[in-house]
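[1] compute the structure for the input listed below.
(one chain, ligands or ions: 1)
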Amino acid sequence: MLALTATAISATAAVAAGYQSMSPAGQWYGKTFTGNPRCSRQLAVTFDDGPNDPYTRRLLEVLAQHNIQATFFLIGDYVRQRPKIAREISDAGHTIGNHTCTHPLLIFKNENEIRRELLDCRSAIADAVGAHSNLFRPPFGGRRPAVLRVARELGFEPIMWRITGYDWNAPPAAEIERKISRRIRGGDVILLHDGGHKQLGVDRSQTILAADRLATRYKKEGFDFVTIPEMMAGLSKP
Ligand SMILES: [Zn+2]
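    Presented below is the predicted three-dimensional model:
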């Protein structure tokens with residue numbers, strides 16, 4: 001009986017630990033930023049897995065039309081292949097963060113591999129755009145103490161999210177929009193994708209359309225779209 005109970009307990013703990021290692025807002029494994037207190041008037045939209053042509057450029061046009069800045073977590077290998085797009089993101093005033101070089105699930109990597117992924121991505125971005133932020137988002141949101149410890153040792157700030165559009169398999173824009181809008185309270189970090197981790201060229205037209213509609217709607221409602229550093233500093237744009 002005792003053995004059974006212990007097994008049951010450890011199974012529960014393992015499930016909880018597995019959930020925590022992937023859960024975007026879970027804080028068991030160290031503090032990660034997911035947003036500001038509810039009901040702030042700020043929203044920080046983040047785009048992962050770029051640069052990705054032609055969609056990243058189209059997205060930049062949409063963001064420019066709305067005069068809003070966002071945060072892009074770039075994949076180092078793609079930055080090496082598309083440095084010009086990375087530069088355009090930076091030149092437009094958006095924040096660029098590190099999303100590793102090859103987008104592995106870091107909970108299965110040792111510390112050296114984690115370090116390599118972060119540093120390779122950092123140098124790919126530095127070669128393309130020069131100075132950039134120290135923000136880091138783990139691929140798939142996967143993390144464990146070693147991931148966060150190595151990231152912090154290297155000077156990175158881990159950033160998660162509070163709201164996702166579940167847009168990685170390219171659902172219709174209306175669906176992405178609905179999933180986000182029903183959870184927006186203010187002060188939220190929102191996760192979307194302008195690229196795909198499996199290959200370049202993944203169609204992100206629906207995400208761009210959703211971003212366009214969300215920007216229109218929430219600007220009208222008085223929200224302020226900010227970058228992650230601006231949100232972390234609690235700053236509103238003038
Ligand atoms: Zn990703």
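[2] name the next helix or strand downstream of whichever helix or strand Phe73 is part of, please.
    Per DSSP states H and E: Phe73 is located in strand 71-74. Reading on from strand 71-74 to the C-terminus, the next helix or strand found by DSSP H and E is helix 76-81.
[3] would that following helix count as contacting the ion?
    No: Helix 76-81 is not in contact with the ion by Cβ under 5 Å from the ion; minimum separation 10.7 Å. C-beta coordinates here come from the backbone N, C-alpha and C atoms, glycine included.
[4] nearest spatial neighbour of Ala173, skipping sequence neighbours?
    Of all residues not flanking Ala173 in the chain, Leu209 sits nearest, at 3.8 Å (Cβ to Cβ, 6 or more residues apart in numbering).
[5] and that neighbour, helix, strand or coil?
    Three-state call for Leu209 (DSSP: H, G, I helix; E, B strand; the rest coil): helix.
[6] contacts only, for Val129.
    Neighbour list for Val129: Pro83, Ala86, Arg87, Ile89, Ser90, Ile96 [criterion: Cβ atoms under 8 Å, 6 or more residues apart in numbering].
[7] out of these, which sit inside strands?
    Counting by DSSP state E, the part of the contacts of Val129 found in strands is Ile96.
[8] the ion contacts on this protein?
    Asp48, Asp49, Pro139, His197.
[9] JSON lines for those residues, including pLDDT, neighbour count and secondary structure?
    Converted to JSON lines, the residues of the chain next to the ion look like this (pLDDT from 0 to 100; neighbours: other Cβ atoms under 10 Å; DSSP: H, G, I helix; E, B strand; the rest coil):
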{"residue": "Asp48", "pLDDT": "98", "neighbour count": "26", "secondary structure": "strand"}
{"residue": "Asp49", "pLDDT": "98", "neighbour count": "26", "secondary structure": "strand"}
{"residue": "Pro139", "pLDDT": "97", "neighbour count": "19", "secondary structure": "helix"}
{"residue": "His197", "pLDDT": "97", "neighbour count": "19", "secondary structure": "coil"}
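[10] let me know the helix or strand that the residue nearest to Cys39 when sequence neighbours are not counted is in.
    In this structure, Cys39 finds its nearest non-sequential neighbour in Gly186, 4.8 Å apart by Cβ to Cβ, 6+ apart. Secondary structure from DSSP H and E places Gly186 outside every helix and strand.
[11] is Gly186 in contact with Ala44, as I believe?
    No: Gly186 lies out of contact with Ala44 (Cβ atoms under 8 Å); the separation is 10.9 Å.
[12] which of the two has more neighbours?
    Neighbour count, other Cβ atoms under 10 Å: between Gly186 and Ala44, Ala44 has more, with 27 against 18.
[13] does that one sit in a helix, a strand or a coil?
    Relying on three-state DSSP, one would call Ala44 strand.
[14] the residue nearest to it when sequence neighbours are not counted sits in which helix or strand?
    In space, Ala44 comes closest to Met231 once its chain neighbours are excluded; the distance is 4.4 Å by Cβ to Cβ, 6+ apart. Secondary structure assigned from DSSP H and E places Met231 in helix 228-232.
[15] and for that helix, what's in contact with it?
    With Cβ under 8 Å, 6+ apart as the test, helix 228-232 has contacts from 33, 35-36, 42, 44, 46, 69, 71, 95, 97, 133, 135, 157, 159, 187, 189, 236-237.
[16] are any of the residues you listed buried, and which?
    Taking 16 or more other Cβ atoms under 10 Å as the criterion, what is buried in the contacts of helix 228-232 is 33, 35-36, 42, 44, 46, 69, 71, 95, 97, 133, 135, 157, 159, 187, 189.
[17] and which of those residues is nearest the ion?
    Thr46 (10.3 Å; Cβ to the ion).
[18] wait, the closest one touches Arg162, no?
    No: using Cβ under 8 Å, Thr46 is not in contact with Arg162, being 10.7 Å away.
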